[in-house]
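# sequence and predicted structure, then a few things I'm wondering about:
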Amino acid sequence: MKIRLLFSFLLIGFLVRGQEICIDNNPLLDHLYKDTNSISAIDNFDIDANPKFLPINDKRVAGYRQRLIKSKKYLYIQIDATGRVYHATGISNEKICFTRLDSTYYIGYNGDQIVFEQNDTLFALGGQGFWRINGQLRYYNTVHNEWNILKINKELPTLNEIYHMKEDNTKIYYLQTPYIDPATGETHSKYIVTLMDVLNRKNTELGELNPLLTKIIPYPNFEKRVFNSPKLNGTFVTLNENNIFLFDFENNVVFRLINNNIKDIFYGKSDGTSPLQLFESGDSIYYCRSRDTTLKLYSFPISRNDFAKMEYPLFIPYNGIEKKLIVLFSILFSLVALILVILYIRKKRSTTNQFEENIEESNSSEIEFNPIEFELLKKMVNTQNGSKSFSVEDVNTTLGLGKKTIEIQKKVRTETINRINHKYKIIFNLKNDLIERVRLEEDRRFYMYTINTENKQILLSAYKEIK
């Protein structure tokens, strides 16, 4: 039986990974398939206008955005927030076919990641999932057909906002925008310019974005058109009609667009259409127009002469003194925090010991279960009589915690059960807990609550109304 299951699993994985999808060819895909330039990722789309190149039957995946990636040899489609990778394997005048390479199953993670290729290997940086924004560096392993993580010196959470890649994609300059860490609730409000050295797996924070620029970036709700330009050694960034820039991260320079013909391409259409799927190839910038389902390609030339250099820098660098001060203040802050934690723990222990001493000295007849505690015990006993376990959700419901946050649920649940166990020990002069927490055999991450037979009999002998 086990062999059959294993065989079925391997067969399903092979079929999923090797599935081929042939779609109608169009000017955009036709050009990219035949282009011999390394274009990297074409992901300057917004969610409403991004075309779904591949029809996906899986409803859980069908709604995610589809990103084009072009190396010198291959054309890929990577589906955002999943590990799915499709490789263009054949083309004709009417059809272009893609074959799925990966064997991943999980979805809903690493959305809005920065995806790029280096020597025909796919990499991904950052992204967000169910619980957090991350700064991980990953690569697609063609041996195991999965995404693997790479060790880096420092993780700096980031999303696919504004970034620049050198021609060989070995260095990535990216803007770490403000974010909230849902795991800790900490708010990070700075715009930090960072350099990722892909070859050496090293992140370096270069400085903070110039305040003159942060004022015109209404993060997180800003529409932008961005494309990487190795030719101009920068990133083309259009925020609105009056703010179209070229960010030169390497030289810490900002340029403003002065060519009105290029501006009109982005904001001069009376029908409301705008350029999408922007990418640089050779000496030209290619794009499609929104609302054009044929994905017809347009292009325009671009050079540094189309821009005027601004008097202010792109970012305010962290110099040596600032770094030392940051390190010094971090050490001092850590020491102060450690001292405060030690003092708090000592005070808490002292208070707890005094409380326990007072309880032990008090008359046991003065210690009784309150109505909420009594109701919880009654439901637990009756549930166990029906041979059912009492889950965390059952405790939350009994205590009226269903609409509270997970943190509050855990705190109140733990305090209530600890209080019941303490009273039980005092009332019956015992050392064992009344309510025990036991891991589920089916999934060791979860618990159930139980009262063993001996403790239940002791409890029922004193409280007949529990039955």
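On my side now, so go ahead.
# stretch 247-258: which residues count as buried?
Phe247, Asp248, Phe249, Asn252, Val253, Val254, Phe255, Leu257 (16 or more other C-beta atoms under 10 Å). The C-beta positions use only the backbone N, C-alpha and C, and glycine is treated the same way.
# surely the last one is in contact with Phe245?
Yes: the pair Leu257 and Phe245 passes the contact test of C-beta atoms under 8 Å, sitting 7.0 Å apart.
# any stretches of the stretch 51-200 of the chain with poor pLDDT?
167 (pLDDT under 70).
# pop the domain breakdown of this structure in here.
1-108, 323-361, 367-466 (automatic domain parsing).
# mind putting the ones you listed into a markdown table with mean neighbour count?
Below are the domains of the chain laid out as a markdown table (neighbours: other C-beta atoms under 10 Å):
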| stretch | mean neighbour count |
| --- | --- |
| domain 1-108 | 16 |
| domain 323-361 | 10 |
| domain 367-466 | 14 |
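# thinking again about what came up before, now, the most widely separated pair of the buried residues of stretch 247-258?
Asn252 and Leu257 (18.8 Å; C-beta to C-beta).
# hey, least reliable of the domains of the chain by pLDDT?
The stretch with the lowest mean pLDDT among these is domain 323-361, at a mean of 65.
# how about the residue most central in space within the chain, what does it touch?
For the chain, the residue nearest the mean C-alpha position is Gln128 (1.4 Å; C-alpha atoms, centre = their mean). Residues near Gln128 by C-beta atoms under 8 Å, 6 or more residues apart in numbering: Asn110, Gly111, Asp112, Asn134, Leu159.
# picking up where we left off before, please identify which of the domains of the chain is closest to Arg225.
Per C-beta to C-beta, nearest to Arg225 of those: domain 1-108, 5.8 Å.
# chain center to that closest one: distance?
Offset of domain 1-108 from its chain centre (C-alpha atoms, centre = their mean, to the nearest Å): 21 Å.
# quickly list what's touching both of Leu257 and Phe245.
Overlap of the contact sets of Leu257 and Phe245 (by C-beta under 8 Å, 6+ apart) consists of Thr238.
# can you map out the helices along this structure?
2-17, 27-34, 59-62, 211-214, 260-267, 320-361, 371-385, 392-398, 406-428, 453-462 (DSSP state H).
# other residues contacting the fifth one?
Counting by C-beta under 8 Å, 6+ apart, helix 260-267 makes contact with Arg225, Thr238, Glu241, Ile244, Leu257, Ser274, Pro275, Tyr287, Phe300, Ile302, Asp306, all of which sit outside it.
# and Asp168, how many neighbours?
By other C-beta atoms under 10 Å, the residues close to Asp168 number 12.
# buried stuff in stretch 275-282?
Pro275, Leu276, Gln277, Leu278, Phe279, Glu280, Ser281.
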